[in-house]
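J.: any chance you can model this:
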Amino acid sequence: MDDTGNSSPICIADSPPQSQVKQTFTAASIELMLKRKDDKNEFTVMVNNLKKSSTAWSNFGFPARLDAGVQTSEGPLEKLFKLKKKAVVMLNSTDSTTMKDELTKWVCRSVRPFNIVSDAGLKDVLQTVLDLGKKYQDLNSTDLLVTPTTIGENVHQLAERYRSLLQPLLTEQAENNCLCLCPDLWNDEYRKVNYLGLTAVFTNKNYELISIDLCCCEYQEIDKSGDSVLRAIRRQLDLYGLTPFMDKKKSYLLLIVVLIFSRP
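T.: Now for the predicted structure:
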């Protein structure tokens, strides 16, 4: 019986994987390969485990060529590609007590509030220390800490860097008339110092409400009149390049002044 009409192209990947040879097999040639005596392990029939509408399909399998250099596994894709969860690392009782005691001594010695241990900034610093500890061996705490003067200088450098990153974002919102500024004028009764805070609020393209603190600086004007407060606000907005947008709308400037309130 001639079965040349029952042929179909089967793509077989040879080594190296980049090269593929396209061969045409017929039912007779496949049967012949399965019956070869020289290497019975080269070709095999895989069991048909798929759901079948009729039991008759249980007699059919899938002819396949074995590749001794490749290990394969079968199963649902979500199991084959599922990432293994990292085991949660837990401190033992002794180490947990040591860490708790060190935090308690630090809080008491420096007269810090108890809730400082839940501060997000402290957690970020500790995580950075842990990451550096993995990178460097025999790391000493004195190698990580810097002087108060260095911190003071770095505040200005970080502020300039973040302003440069925020300026394009704030400018885009101002150009689209989507930027709202909320000033806050308050005073420290203990230090007898007045402060000006300025917060930018807008909604991004994902309809998320964004709030950014632009400044919290000492208020150095001679009084708290509308003109004086407006000068202080413009001085801070100029750091972000927003003053030109505010000058175009005098009514918007008046709205800013109205939003200001004092608190003890």
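J.: tell me the mean pLDDT over the helix or strand that contains Glu153?
T.: Using DSSP states H and E, Glu153 sits in helix 148-175. Averaging pLDDT along helix 148-175 gives 91.
J.: show me where this protein has helices.
T.: Using DSSP state H, the helices found in the chain span residues 27-34, 77-80, 93-109, 120-135, 141-144, 148-175, 226-237, 243-247, 250-259.
J.: and this protein, what are its domains?
T.: As given by automatic domain parsing, the domain ranges for the chain are 4-74, 93-145, 168-263.
J.: can you flag the weakest of the ones you listed by average pLDDT?
T.: Taking the mean pLDDT of these, domain 4-74 comes last: a mean of 60.
J.: and the helices of the chain, which is most packed in?
T.: Mean neighbours per residue, mean count of other C-beta atoms under 10 Å, is largest over those for helix 226-237, with a mean of 17. The C-beta positions use only the backbone N, C-alpha and C, and glycine is treated the same way.
J.: what angle do that one and helix 148-175 make?
T.: On the basis of axes from the mean of the first three to the mean of the last three C-alpha atoms, to 10 degrees, helix 226-237 is oriented at 100 degrees to helix 148-175.
J.: still on that earlier bit, put together a markdown table for the helices of the chain, with distance to Asp188 on each row.
T.: Converted to a markdown table, these look like this (distance: least, C-beta to C-beta, whole Å):
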| stretch | distance to Asp188 |
| --- | --- |
| helix 27-34 | 88 |
| helix 77-80 | 58 |
| helix 93-109 | 24 |
| helix 120-135 | 22 |
| helix 141-144 | 32 |
| helix 148-175 | 19 |
| helix 226-237 | 16 |
| helix 243-247 | 28 |
| helix 250-259 | 21 |
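J.: closest one to Cys182 among those helices?
T.: helix 250-259 (5.9 Å; C-beta to C-beta).
J.: quick one: closest of the helices of the chain to Ser211.
T.: helix 148-175 (12.3 Å).
J.: for the closest one, packing partners?
T.: strand 193-203, strand 209-218, helix 243-247 (3 or more C-beta pairs under 8 Å, 6 or more residues apart in numbering; DSSP states H and E).
J.: so which of those gets nearest Trp186?
T.: Taking the helices and strands packed on helix 148-175 one by one with C-beta to C-beta, strand 193-203 is closest: 5.6 Å.
J.: what strands flank that closest one, and is each parallel or antiparallel?
T.: Next to strand 193-203 in the sheet, as set by DSSP bridges, lie strand 180-188 (antiparallel), strand 209-218 (antiparallel).
J.: turn those strands into CSV, including distance to Val129 and mean neighbour count.
T.: As requested, the strands paired with strand 193-203 are exported to CSV (distance: least, C-beta to C-beta, whole Å; neighbours: other C-beta atoms under 10 Å):
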stretch, distance to Val129, mean neighbour count
strand 180-188, 33, 17
strand 209-218, 26, 13
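J.: now the ones you listed in JSON lines, with distance to Thr147?
T.: Putting the strands paired with strand 193-203 into JSON lines (distance: least, C-beta to C-beta, whole Å) gives the following:
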{"stretch": "strand 180-188", "distance to Thr147": "26"}
{"stretch": "strand 209-218", "distance to Thr147": "24"}
